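Enquirer: below are the sequence and a predicted model for it; my questions follow.
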Amino acid sequence: MLEAKIYNPVKIVFGVGCVREVGKYASRLGRKALIVTTSGGSMRKHGFLDIVSKSLEEHGVRCAIFDGVKTNPTTEIADEGTRVALRENVDVIIGLGGGSAIDVAKAIAVTAASGGSSKEYLYIYGKQPGKALPIIAIPTTHGTGSEVDRYAVLTDEERKAKVSIVSDLIYPRVALLDPKLTVTLPPRLTAATTVDALAHSLEAYVARYGNRMAQIYAVEAIKEIFGNAVKAYANGKNLEARARLLWASMLAGLAINIGRTCLPHALEHPISAFLGIHHGEGLAALLPTWIKRGLKEKIFNNLAVELGLKDADELYEKVVSLLKSIGMNVRLGEHGLTEDMVEKLVGNAWTYLTPLIENNPYKVSREETCKMLLNTI
Ligand SMILES: [Fe+2]
């Protein structure tokens, strides 16, 4: 019988130019904002930081900037941001960037209000925040979905555990999705972030503990990704394709917020934590072998049919060919993965990411996951 639990309080604003409304929304939430963004300088170079700070100023909101976020951010980086938030006495946090920036913004929102280190709130340590500062999320990639979900993924350096803070308190109050902010994404990141959104949709659709609502979001997201990934990869300035992909990654975020991810994300997190590669590239390496192993499961067939394909085999072919056409036929051997590392990475997944392994539609043994990883070398 149909059963579902659905909760999502994020106000979603989508459209070209909507980033300029950030001041209006921030002024309803606080008087001083911390803008959390990446360290590479692209947010400054492309003028996004200026647009945000100008809009805040126009609405009487003062601001401070923390631009120390790196790919696969650690809890230390988030805590560094929290020190800035406390020193500057801010009362609203704005995440501007890809998933890393938004996730660090969420962690800062928690620790600035609830105290302690962001590490304590990772689900493997079990502490839940009592409160969090309000968050505004402005994604500049079309992959994460973090702007509409209750997860903040951080790496605990000590254990090399790339896991989440999971709390209803870290849903952004407002997500501003402006497709114009994604047109400057270079081709490799365009492809990698798109694969992340694709993985979110595929995984949430087949997830053991998902529901029909997650599937509805996922199907729509996959259709948009199949129809627009190559266009945006070939011509980054194609605003229509970018908008469709941003829309898809938002839907995929709504889908994983309900169904969560499963085996590909469980195996990928140790990969990017140890190899330092982009999350989407790790997923690209894993998706074909994961779908292939699931071909006899009815759920993959159901998905294929909903997408207008003949069967799960055709879905597999379609994903493999899409990955190829956007340069994402990734072999992890080229990124430093060797056979003798496989046991350690798989052990990490089975220690820290078991909820995602259990959410997989088909049961896998530890040995089987080793083989899947060996397949990616
Ligand atoms: Fe992801």
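Expert: Yes, it's here.

Enquirer: biggest helix in this structure by residues?
Expert: helix 212-234 (DSSP state H).

Enquirer: and it, which residues are buried?
Expert: Buried residues in helix 212-234, counting neighbours by 16 or more other C-beta atoms under 10 Å, are found at 213-226, 228-230, 232-233. Any C-beta I mention is one placed from the backbone N, CA and C, and that applies to glycine too.

Enquirer: quick one: contacts for residue 311?
Expert: By C-beta atoms under 8 Å, 6 or more residues apart in numbering, the residues touching residue 311 are 301, 304-305.

Enquirer: what score does it have for pLDDT?
Expert: The model reports residue 311 with a pLDDT of 97.

Enquirer: where's it relative to residue 214, distance?
Expert: Applying C-beta to C-beta, to the nearest Å, the value for residue 311 to residue 214 is 22 Å.

Enquirer: just residue 225 next, same as before
Expert: The value you get for residue 225 to residue 214, if C-beta to C-beta is used, is 16 Å.

Enquirer: what of residue 83?
Expert: Relative to residue 214, and taking C-beta to C-beta, residue 83 is found at 37 Å.

Enquirer: domain map for the chain?
Expert: Per automatic domain parsing, the structural domains of the chain span 11-181, 185-374.

Enquirer: hmm, residue 29 is touching residue 136, no?
Expert: Yes - between residue 29 and residue 136 there is a contact at 7.3 Å, judged by C-beta atoms under 8 Å.

Enquirer: just the buried positions in the lowest-mean-pLDDT helix or strand in the chain, please.
Expert: Least confident helix or strand of the chain, by mean pLDDT, DSSP states H and E, is helix 42-45 with a mean of 93. Buried positions in helix 42-45, judged by neighbour count with 16+ other C-beta under 10 Å: 42-43.

Enquirer: if we can go back for a sec, turn the contacts of residue 311 into CSV, columns for distance to residue 366 and secondary structure.
Expert: Converted to CSV, these look like this (distance: C-beta to C-beta, whole Å; DSSP: H, G, I helix; E, B strand; the rest coil):
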residue, distance to residue 366, secondary structure
301, 27, helix
304, 29, helix
305, 32, helix
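
Enquirer: point me to the helix or strand that includes residue 68.
Expert: Residue 68 belongs to strand 62-69 when assigned by DSSP states H and E.

Enquirer: what's that strand in contact with?
Expert: By C-beta under 8 Å, 6+ apart, the surrounding residues in contact with strand 62-69 are 31-39, 41, 43-44, 49, 52-53, 56-57, 77, 80-81, 84-85, 88, 90, 94, 97, 100-101, 104, 108.

Enquirer: just those: which are in strands?
Expert: Filtering these for membership in strands, criterion DSSP state E, returns 32-38, 94, 97.

Enquirer: just checking, what packs against the longest helix of the chain?
Expert: Counting contacts by 3 or more C-beta pairs under 8 Å, 6 or more residues apart in numbering; DSSP states H and E, helix 212-234 packs against helix 187-206, helix 239-259, helix 298-306, helix 312-325.

Enquirer: count the neighbours of residue 371 for me.
Expert: If you count neighbours by other C-beta atoms under 10 Å, residue 371 ends up with 14.

Enquirer: hang on, it in a strand?
Expert: No - under the criterion used here (DSSP: H, G, I helix; E, B strand; the rest coil), residue 371 is helix, not part of a strand.

Enquirer: list the helices and strands the least confident helix or strand of the chain packs on?
Expert: Checking 3+ C-beta pairs under 8 Å, 6+ apart, helix 42-45 ends up next to no helix or strand.

Enquirer: and stretch 173-193, end to end?
Expert: 23 Å (C-alpha to C-alpha, to the nearest Å).

Enquirer: quick one: mean pLDDT for that stretch?
Expert: On average, stretch 173-193 scores 98.
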